[in-house]
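A.B. asks: Prediction below, plus the sequence it came from.
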Amino acid sequence: MSFLRRRTPSTPAGPDFDVLAMDPGDWPGNLGAGLLPAPDGSCQGVFLRYDLFGGRGPAMIIGNLPEGSPARDLAEGQIPFEVAQLLAALDMDEPVEVTETEDVPVMQGDNLLIVRRVKLSESRISCVQFDRSDNVLVTIASWDRPITDDLYALLKPLPAELFQQG
């Protein structure tokens, strides 16, 4: 993922890193974005919520968490932040745990990704994670849809203007 780079935003409202996700113009449903602020005002992560279910909950959440983000610090068996967001959006309050992880090599163009498949006690949730070359952790959590290798080809850096308040 060598095309990704750190950047400094013109306003502190957005992240200081590229956000890798699917272009909202390529997605037929509704898109929502959330920033994880730190007490000092810096951005500790971005998550994008893709809703295909007509307001009944998201089909997919893609998170980008930079190195040092507290949302990356998980206890053994604890679900990723994006999975927790997906469960909250779907109003599911049953406990879900990580049951297994598996590292799988995946090609994205000319880049080799080591994708970590996260298996959960709730089988309707698919979850994968990979680290980018700029140390941002990307997590994809999907409801009732498997995450296939062709999804990685759809991921691209989104423009910074998408995350700035105006």
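C.D. replies: Good, I have the coordinates. The structure presented is a predicted model; accordingly, all values stated were derived computationally and were not measured.
A.B. asks: Report the central residue of this protein.
C.D. replies: residue 63 (2.0 Å; C-alpha atoms, centre = their mean).
A.B. asks: residues of the helix or strand of the chain with the lowest mean pLDDT that come out buried?
C.D. replies: Scoring the helices and strands of the chain by mean pLDDT, DSSP states H and E places strand 30-37 at the bottom, with a mean of 85. Buried residues in strand 30-37, counted by 16 or more other C-beta atoms under 10 Å: 31, 33, 35-36. Using the backbone N, CA and C atoms, a C-beta is placed for each residue, glycine as well.
A.B. asks: what's near enough to touch the residue nearest to the centre of the chain?
C.D. replies: Residues in contact with residue 63 (C-beta atoms under 8 Å, 6 or more residues apart in numbering) are 45-48, 71, 80-82, 85, 137-141.
A.B. asks: any idea which helix or strand comes after the helix or strand that contains residue 86?
C.D. replies: Under the criterion of DSSP states H and E, residue 86 resides in helix 81-89. Counting by DSSP H and E, the next helix or strand C-terminal to helix 81-89 is strand 98-108.
A.B. asks: strand partners of that next one, parallel vs antiparallel please.
C.D. replies: If you go by DSSP bridges, strand 98-108 pairs up with strand 111-120 (antiparallel).
A.B. asks: If you count neighbours, what's buried in the strand it pairs with?
C.D. replies: Going by neighbour count (16+ other C-beta under 10 Å), the buried part of strand 111-120 is 113, 115-116, 118, 120.
A.B. asks: what's the angle from the following helix or strand past that strand to strand 111-120?
C.D. replies: Next helix or strand after strand 111-120 toward the C-terminus (DSSP H and E): strand 125-131. Strand 125-131 runs at 140 degrees relative to strand 111-120, counting by axes from the mean of the first three to the mean of the last three C-alpha atoms, to 10 degrees.
A.B. asks: Buried by neighbour count: which residues of strand 125-131 qualify?
C.D. replies: Residues of strand 125-131 classed as buried: 125-130 (neighbour count, 16+ other C-beta under 10 Å).
A.B. asks: related to what we said a few turns ago, as a markdown table, the buried residues of strand 30-37 with distance to residue 108 would be great.
C.D. replies: Shown next, in a markdown table, are these (distance: C-beta to C-beta, whole Å):
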| residue | distance to residue 108 |
| --- | --- |
| 31 | 22 |
| 33 | 22 |
| 35 | 25 |
| 36 | 25 |
